[in-house]
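Trainee: Sequence isn't available, so here's the structure alone:
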C-alpha cells in the first residue's frame, strides 16, 4: 500500500493477502476508506465487490483496510483508482517556478546581444549558426536521455510483460521532485 504517493510493496501485511496469491504484475490501484491507495483489490484483501453500470464500482470486506481503526465495518471498503493527494503547495510552486523561468529568460536577450557585438559584422551569421549548432548538440541531444533517466529513477511500479519492462505505473512524486530539480540545479550551476 502507499499513502500520498509512497508505495511500500514490501510492507504488505502477510495476513491480508497471503492466502490470495495476488498477482504483483497487475497494477489496479484502489483507494481504501483509510485514505491509503493499495496495489490492487487482492492486495487489500477485498473479498466482495459491487457492480454499477456493468462495471465494478467498489470493493468491501477488505481485510487490510482499516485494521487499526475502531469501526472496521465502515472502513473496510474501497473504490477504484488512486486516493486524492494533498497538494497544498501547488500554487506556491507554480508561482515560484514561473518567476524563476521569467528571470532565467531575461538573460537570453542579453547573451544574444553580447554574442552579436563581439563578432565582426561579416561573421554574425556564422556566429549565430555555431551557437544554434552547439545548443542542439550539447542541449537538445542529451536532454531527453538525461531527463528520461531522471524520470525513470522515480518509478515505483513498473509494468512487466513477456519478461520485459514496459511503462511505469506509479511514480514517487517526492523522489521525482528532488531528482528533477536537483538535476536542473546541478546543470545550471555547471553552466555558470
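Mentor: Noted; the coordinates are in hand. Computed from a predicted model, the values in this text were never measured in an experiment.

Trainee: Just list what the helix ranked longest in the chain packs against, helices and strands only.
Mentor: In the chain, assigned by DSSP state H, the helix with the most residues is helix 90-118. Secondary-structure packing of helix 90-118 (3 or more C-beta pairs under 8 Å, 6 or more residues apart in numbering; DSSP states H and E): helix 124-135. For the C-beta atoms, the positions are set from N, CA and C on the backbone; glycine is no exception.

Trainee: Quick check: buried residues in the helix it packs on?
Mentor: For helix 124-135, the neighbour count (16 or more other C-beta atoms under 10 Å) marks no residue as buried.

Trainee: can you tell me which residues contact the closest residue to residue 176 other than its chain neighbours?
Mentor: Closest residue to residue 176 apart from its sequence neighbours, by C-beta to C-beta, 6 or more residues apart in numbering: residue 154 at 3.7 Å. Shown in contact with residue 154 (C-beta atoms under 8 Å, 6 or more residues apart in numbering): 171-173, 175-176, 179-180.

Trainee: what about 10 Å?
Mentor: Residues near residue 154 by C-beta atoms under 10 Å, 6 or more residues apart in numbering: 5, 168, 170-180.

Trainee: any idea how far it lies from residue 80?
Mentor: For residue 154, the distance to residue 80 equals 24 Å [C-beta to C-beta, to the nearest Å].

Trainee: now residue 40
Mentor: According to C-beta to C-beta, residue 40 and residue 80 sit 10 Å apart.
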